[in-house]
Structures are given as C-alpha cells and as structure tokens.
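> I'd like to go over a predicted model; first the sequence, then the structure.
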Amino acid sequence: MLKVKLLSCLVFFLVSSFACLGQQQDTVKIYYLQEEVEVVAYRAGGEVLNLPMAVTMVDFNDIGLKRKLSLSDVLNVPGVLVQSRAGAQDVRITIRGFGSRGYGDKSNAGTIRGIKILVDGFPETEPDGRTSLDFVDLLAVERVEVIRSNSSTLFGNASGGIINFETVKPRGSFVELSSTAGSFGLFQSNLKIGRNFENGDALIYGTLSNFDGWRENSAVQKKQIYSVLRLNVGKQANLRIITGFASNLFHIPGPLTFDEFLSNPGKANSVYLQRRERRYNRVGKIGVNLTSSLRQNHTFEMRLYFVPKVLQRSERNTFRDFNRYFLGAGLTYIYSNESAIFKPKVFVGYDDSYQDGTILFYSLKNGNRGDSLRTNKREGARSGGFFARFEFQPFTGIIFSFGGRYDFQSYLSEIYPSAVNRQTQRDILKLNHFTPSFSVLFKVSKSNSIYLTLSGGVENPAFNEVDPPPELSGVHLNPFLKPMSSQTWELGFKGASVFENFPVSGFLYSFSIFQIKIQNEIVPYANGSWFFSAGESRRRGFEFGGELDLNKWADLRFALTYLDAKYIKYENELGDHANKFVPGIPKLWGNIDLKLDFKPFILGSEILYVGKYFANDANEIEVSDYAIVNISSGLEFKIASFKIFLVFGVNNLTNKKYVASVFINPERKLPYAYIEPGLPRNWFGSVSIRFGAE
C-alpha cells in the first residue's frame, strides 16, 4: 500500500513537471528567498543561507489557497508533523519527534509541548514549556518561520524547534476585510487596518471564528483583537509595541475505541460528552521590544511582556478556575564587525519568565461548576537562562560558531487548607541544565551552503506533568521526573539554483540528516494522566524539502521526512521496551503541493501522506497510514481601487476515513480508547476585499 501511494506521488510530480514545458522563466522568487530574507526567530538575526540550522519559510502566497482554520491546513514542511485533533485549532505538533507526548488526557488538549512558539518574536510558550495557540491567527499572518534544529542554546527549555508567526507588516495604508464559510458551521471573519507614517507603521486587526465541529462536543468559538506599532525613535533605535486580547472556547470530544471509530467516528467519547469537557481561555497581552545601536557595531535588544489569563476547564470530573499572570523579560547584546579580520559576531544575553496564580477545583455538575470547592491551589513556574554565542570567519565563505546556555527552572505548588485542622502544603522542585553547541558553515556559492551542527537540548516537564501519581503520598511535585536532555548532530545542505533554457527555471532546496540521543525521555501513561522519566532513546532521520519554479505560472512545493525513533534503555514495572519504537512518531510523512497561476485564476492541489506509527510503548497498538487529497482554486481581480480575492476548496476530496491523532499509552484495559478521527470531506469558500496599498 505504501509503495502504491509513493508511486502515486511520483506520478503526480512527473505529470506536473512535464505539463509545464516550454514556459517563460521567473527566478525572482528563488533569489529573494535565499539571499535577502532575515530570520527574525534567530536571536541575533541572520539570512537563511548563513544560519547553520534547518530553516523553512512559509509566506502568505504559500497559504493563500488554504482553509486557514488550523495549523494542519498550512504547516506542511519538512520535519514538522501537524495533526488536527478535532478538525479545528486544537492540534498536536511535533518537530523531529519533539512534542510527540503533548496529547492525552491530562491538561494536554489545546497545548503543545517541546516546541517554542513565538508571535512577532514574543514568546507564547509558558515558563513550564506548554503553549496555547490563543494568539496565533492565520488570517493575519504574513510569514511563518520554522527552525527545525534543536535550539535550546538560543531559547532554553522546550526548544526542540522554533515556530515564529509574523503578522502583516503594512507597506502602505490599507483596509482589508475577509470572510470564510465552510462545512460543519465554519465561519471566520477578519478585519485588518494598516497604515504607514513618517516614523513607522501600525497594524490592528480583529477576528471572529466559529466552527460547530463535525464530532459531538467539538465546537469552537474564538474572538481576537491584536495590534502592532513600529516606531523609529531616533536614528539608531526601533521600538515595537504589541497589544492583544483573545477569547477562546473549544470543546473536547475525546478518544474513541477502534470499533467506535469504524462505526461512528463523529461521536464523542461518552465520558467527555457527559462532562461537556471544554476549555475557555481569556487572555490579554502587552509587549515592548526596543532595539538600539548606541555605537557602531554594538546593538542592544530589550524585550518586556505581560500576559494576564483567566482560564476555565471542565475536565477529569472537576471544574477548574485559573487566574494567572505571565510576565517575562530579555536582554541581548550583539557585537558584529564585518570590516574586522575574521568578521567576528558575538551575542550574549539573559532572559527570564515567570507565571503564577491560583487554581480553584470545584465539583462538576452537569458539565458546569458545582457548589463544592475541592481544592484551593497555587501554581508558580519560573524559567530563565544565560546564553552566549560566538561566530567568526577564518576564511572567506567559512563560518565557525560555538556557544552555550545555562538554564534554571523552578516549580512551586501550594495547597491551602480546606478544613480548620489542615495546614498549607508547600512543595518546590528545581531543575538546572547547561546546553552547548558548535557549528561550521561553508558557503559553497552565493546561493548554496553546507553546515554541520553539534548541539544540545533541554526539555523540562510541564507543570501538569510534575503532579505525582497517587502512589506517591506526602509530595505534590514528582521528585523522580528529570530534565529531558538531548544531543544532536546534523549535516545539512540548502540553497537555490537557477537554470537557463530548462522547464525548471529555479529550484529552492533544503536537505538535512540528523541523529538525536535523548536521556530521560518524558513518558505519559494511563492516557496521559501521569508521567515518568524513561532511560534513553534515539532518533535518526533525514528531511528533504524544496520548491520548483516550473515556469512563470507553475510552482511545486514538496516535503519528505523519514524519522526512526526507538527506545534504547527503558525498563520498569510496565515492562522492558528497549528497541521498541517511540509512540506517536511516524517513520515517514510528506506532502506535494502544486499551484498553477493562470492569472486571474489560480489552481491548487495537494497530497498529504502520514505513515504508520504506534500508540503505546509496548508497540501493541498500531495506527494505520493514510493519504488525503486537497484541491482549491482562486480568482484575483481589481475593481477601481479594490483588490478582490476569491477562494474555493475541498479538503479530503476522497472522504478518507483516517486516524488524525491518538492518546499515547492509553489505559491498560480493553477496549483501548485512544483514537481521534480525522476530518471527513469538507469544503470552504472565502472572499477578501482590500482597499489601499498592495
């Protein structure tokens, strides 16, 4: 079956290529991407070709024909696996296997593990490593930057990969209104207003999003308003101020057994439905970023942000009220001298983030808050670190770099008395780790480079993961969990080629091969209710992605990832799982995306493939592979000063029934409830009307 699907992808590729013979060439896009794009998510700045790591850029033109409700709609790049848990915004993301445990029963819905998420350079990831996607709005994104290499020396905890969402930067004054409607009650509306002025620019947008869901108890309602103000405050200083508010309510249908998946994949888990399991997040945000060059070759960057949160949960037979404040700061100093011998570049810095607040656990009555207060609790987490990186060029076209980061993390738990005879119970857990890195990059030509990187990573358990299992009495933070540390080596090739008198006028490519050794892999069990540290695991693989400019009107993007992830040492009362595959990580996945631009018409088609994987450590539960086909079309035209863009598409064209994601290590009793079914065939249509600057 796998061979047939791979052959189908190859035929698709060949037919697409030969269909474009003899057309005019256009190499502007290839050149621009490689030579001039600055990667904001790289802390010291840098162009794609000069960074010794695997980087993928996704711009608005790449996602213009997509549904744009879920990251699974748009983020199909090498090394990254995004699977929608119920067809909307709640997704599980893994980058080279990092984040694969971030789904299950215990506080994992709506959050991501092991991966650092940024919006306009400001962290969405909390100090304990969890990330909610409340401020990620695909209707306002201009570019997505994905760093697939382990980046803990730059960002510390939970940096197995970096994803930075850059919102639209005005290039003139404009107003844009867009709306999307589709299957299962999908409706989204977005209004953006942008303006340029003498000393900067400003953007403000608002989004309303509703999705009734295709499964029981899977509806989503989201509201968001966000603004970005950029100012040039003097000749050598730039100021960016961001503010926002998001209200995000989504219901959780839960896992099904295999028989339930076959008979009625649209149903919800009966327990989840009875409890009306859901999450309701109300989050504010304000951030300030100042970059200043006080002297030649010397740059300082300062960042401050504050994120208050009011959260409500109906889960695990309790109703939970959270009040949290999340604040952080960072300071980076950069020295760069292109005219000096060896062209040295140094950057050092420190960042710190802290989150604290109260949690009230109530009884659950008909899915709502009951009258009985069960627990009055405080949770606090702090994460910070010092980092330094040094770069120099001993010879033309060769860049050496080395550095490291020292991280510290602490957790605080206080449970206040609910009876007169009880005292406040307090527990503290502290974790520290040093992460080194070394790399060398060779500029083979102006538009091609090769790099070798040796780096480390650290991922501390998230706060809900440090809860002790029931058999540990007298403690409230699990003392047996350890930081998950990793050592990575990676060899990569990337660049662009331009051809004369060929059907392919330009080729943008990225290839990397890597091995990752992990100590103390954090493992969920009992449907993710509890966590422990396993001994050792190993991941080996390669990624290949690229883009072909077939001619003036055709563009082909592709991505292929192979990842072999196994436990090396892992033995406890649950069994000996040495040489077993790490669950939740397919061995092979990829996609091919063809876009044909017959102005004013645009046609798009996409094939997505995800290979087999296992749902438990014992490798007893195997999840079947699947391939789905998406098609879309667009029409772009102008009327007076209005630019209008119409899109219509159908996802999962063949109505494939497939398992989109699973609960790792479900309860050890039959029948296993672990399956989250994939979205069936669905359609969407959108209209965008823009007045003003392009």
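Thanks, I have the structure now.
> what's the longest strand in the protein?
strand 368-395 (DSSP state E).
> list the buried ones in the next helix or strand after it?
Scanning forward in sequence from strand 368-395 by DSSP states H and E, the next helix or strand is strand 398-416. Buried residues in strand 398-416, counting neighbours by 16 or more other Cβ atoms under 10 Å, are found at 399-405, 407-415. To be clear about C-beta, it is placed using only N, CA and C from the backbone, and glycine gets the same treatment.
> and the angle from strand 398-416 to strand 368-395?
Angle, strand 398-416 to strand 368-395, by axes from the mean of the first three to the mean of the last three Cα atoms, to 10 degrees: 160 degrees.
> distance from strand 398-416 to the middle of the chain?
Centroid separation between strand 398-416 and its chain, computed with Cα atoms, centre = their mean, to the nearest Å, is 20 Å.
> show me what it is packed against.
Strand 398-416 sits against helix 152-155, strand 368-395, strand 425-445, with contacts defined as 3 or more Cβ pairs under 8 Å, 6 or more residues apart in numbering; DSSP states H and E.
> avg pLDDT for the first one?
Helix 152-155 comes out with an average pLDDT of 87.
> and that helix, what does it pack against?
Secondary-structure packing of helix 152-155 (3+ Cβ pairs under 8 Å, 6+ apart): strand 368-395, strand 398-416, strand 425-445, strand 448-459.
> quick revisit: pLDDT on the longest strand of the chain, on average?
On average, strand 368-395 scores 92.
> buried stuff in that strand?
For strand 368-395, the buried set under the neighbour-count rule, 16+ other Cβ under 10 Å, comprises 369, 374, 377, 379-389, 391-393.
> between that strand and strand 425-445, how many degrees?
Using the same axes, to 10 degrees: strand 368-395 against strand 425-445 is 40 degrees.
> which neighbouring elements make contact with strand 368-395?
Applying 3+ Cβ pairs under 8 Å, 6+ apart, we find strand 368-395 packed against helix 152-155, strand 318-336, strand 345-365, strand 398-416.
> tabulate those (JSON lines), appending distance to S178.
Listed next are the helices and strands packed on strand 368-395 as JSON lines, based on distance: least, Cβ to Cβ, whole Å:
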{"stretch": "helix 152-155", "distance to S178": "32"}
{"stretch": "strand 318-336", "distance to S178": "30"}
{"stretch": "strand 345-365", "distance to S178": "34"}
{"stretch": "strand 398-416", "distance to S178": "41"}
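> what's the closest of these to L454?
Of all the helices and strands packed on strand 368-395, strand 398-416 sits nearest to L454, with 9.2 Å by Cβ to Cβ.
> ok, back up a step: turn the helices and strands packed on helix 152-155 into TSV, columns for distance to D134.
Below are those laid out as TSV (distance: least, Cβ to Cβ, whole Å):
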stretch	distance to D134
strand 368-395	18
strand 398-416	23
strand 425-445	27
strand 448-459	22
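> E338: neighbour count?
9 (other Cβ atoms under 10 Å).
> contacting residues around the closest residue to A202 other than its chain neighbours?
Excluding the flanking residues, the one nearest A202 by Cβ to Cβ, 6 or more residues apart in numbering is L229, at 4.9 Å. Contacts for L229 (Cβ atoms under 8 Å, 6 or more residues apart in numbering) come out as G200, A202, L239, R240, I241, I242.
> ok, the first one to V74 distance?
What that stands for is G200. In this view, G200 and V74 are 29 Å apart by Cβ to Cβ, to the nearest Å.
> ok, the two, which is more surrounded?
V74 (20 against 16).
> measure the closest residue in space to the more buried one that isn't next to it in sequence to S70 for me?
Among residues not flanking V74 along the chain, I63 sits closest, at 4.3 Å (Cβ to Cβ, 6+ apart). As judged by Cβ to Cβ, I63 and S70 stand 12 Å apart.
> and if you look at D59?
Going from D59 to S70 by Cβ to Cβ gives 19 Å.
> who's more crowded, those two?
Counted by other Cβ under 10 Å, D59 and S70 do not tie: S70 has more neighbours, with 24 against 16.
> local confidence estimate at the more buried one?
pLDDT at S70 comes out at 93.
> for it, which non-adjacent residue is spatially closest?
The spatial neighbour of S70 that comes closest, neighbours along the chain excluded (Cβ to Cβ, 6+ apart), is S84 at 4.7 Å.
> please apply the same query to A219.
Nearest residue to A219 in three dimensions, chain neighbours excluded: G213, at 4.7 Å (Cβ to Cβ, 6+ apart).
> got a list of what that neighbour touches?
Residues in contact with G213 (Cβ under 8 Å, 6+ apart) are A86, G87, A88, F184, G185, A219, V220, H251, P253.
> quick one: it from I631, how far?
For G213 relative to I631 (Cβ to Cβ), the value is 23 Å.
> then D597?
Computed as Cβ to Cβ, the D597 to I631 distance reads 15 Å.
> for S149, same thing?
Distance from S149 to I631, by Cβ to Cβ: 33 Å.
> those two: who's more crowded?
Shown here are S149 and I631; by other Cβ under 10 Å, S149 has more neighbours (28 against 14).
> now the more buried one. Nearest residue, chain neighbours left out?
Of all residues not flanking S149 in the chain, M53 sits nearest, at 3.6 Å (Cβ to Cβ, 6+ apart).
> sec struct for the one you found, please.
Following DSSP: H, G, I helix; E, B strand; the rest coil, M53 is assigned to coil.
> which residues touch it?
With contact taken as Cβ under 8 Å, 6+ apart, M53 is in contact with Y42, I147, R148, S149, S151, S439, Y451, T453, E490, G492.
> tell me the contacts of R276?
R276 sits next to N217, H251, S314, N366, G367, N368 when contact means Cβ under 8 Å, 6+ apart.
> change it to 7 Å
Neighbouring residues of R276 by Cβ atoms under 7 Å, 6 or more residues apart in numbering: N217, S314, G367.
> show the buried residues in those.
Buried by 16+ other Cβ under 10 Å: N217, S314, out of these.
> what would the contacts of R276 look like in CSV with distance to F361?
Converted to CSV, these look like this (distance: Cβ to Cβ, whole Å):
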residue, distance to F361
N217, 21
S314, 12
G367, 15
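> from the contacts of R276, which is closest to Y335?
S314 (52.0 Å).
> ok, now how distant is the closest one from D321?
Distance of S314 to D321, computed by Cβ to Cβ: 11 Å.
> please point out which parts of the host helix or strand of R195 sit buried.
Per DSSP H and E, R195 falls inside strand 186-197. By neighbour count on 16+ other Cβ under 10 Å, the buried set for strand 186-197 is L186, Q188, S189, N190, L191, K192, I193, G194, R195, N196.
> helix or strand right after that strand?
Following strand 186-197 toward the C-terminus (DSSP H and E): strand 200-211.
> tell me the strands beside that following strand, with direction?
Sheet pairing of strand 200-211 (DSSP bridges) gives strand 186-197 (antiparallel), strand 220-232 (antiparallel).
> how about that strand, which residues are buried there?
The neighbour-count check on strand 200-211 (16+ other Cβ under 10 Å) flags G200, D201, A202, L203, I204, Y205, G206, T207, S209, N210, F211 as buried.
> for L560, which of the strands paired with strand 200-211 is the nearest?
Nearest to L560 among the strands paired with strand 200-211 is strand 186-197; the distance by Cβ to Cβ comes to 30.2 Å.
> contact partners of the closest one?
By Cβ under 7 Å, 6+ apart, strand 186-197 touches 69, 139-140, 168, 170, 172-181, 201-211, 684.
> any idea what the residue nearest to S70 is bridged to?
In this entry, S84 is beta-bridged to V91, by DSSP bridges.
> could you number the chain from 37 rather than 1 from now on?
Okay, using 37 as the starting number, the last item reads as S120.
> now, which of the buried residues of strand 434-452 sits nearest R462?
R462 lies nearest to E450 out of the buried residues of strand 434-452, by Cβ to Cβ, at 5.0 Å.
> please report how far the closest residue to that closest one other than its chain neighbours lies from N232.
The shortest distance from E450 to any residue other than its chain neighbours is 4.2 Å, reached at R414 (Cβ to Cβ, 6+ apart). Using Cβ to Cβ, R414 is found at 46 Å from N232.
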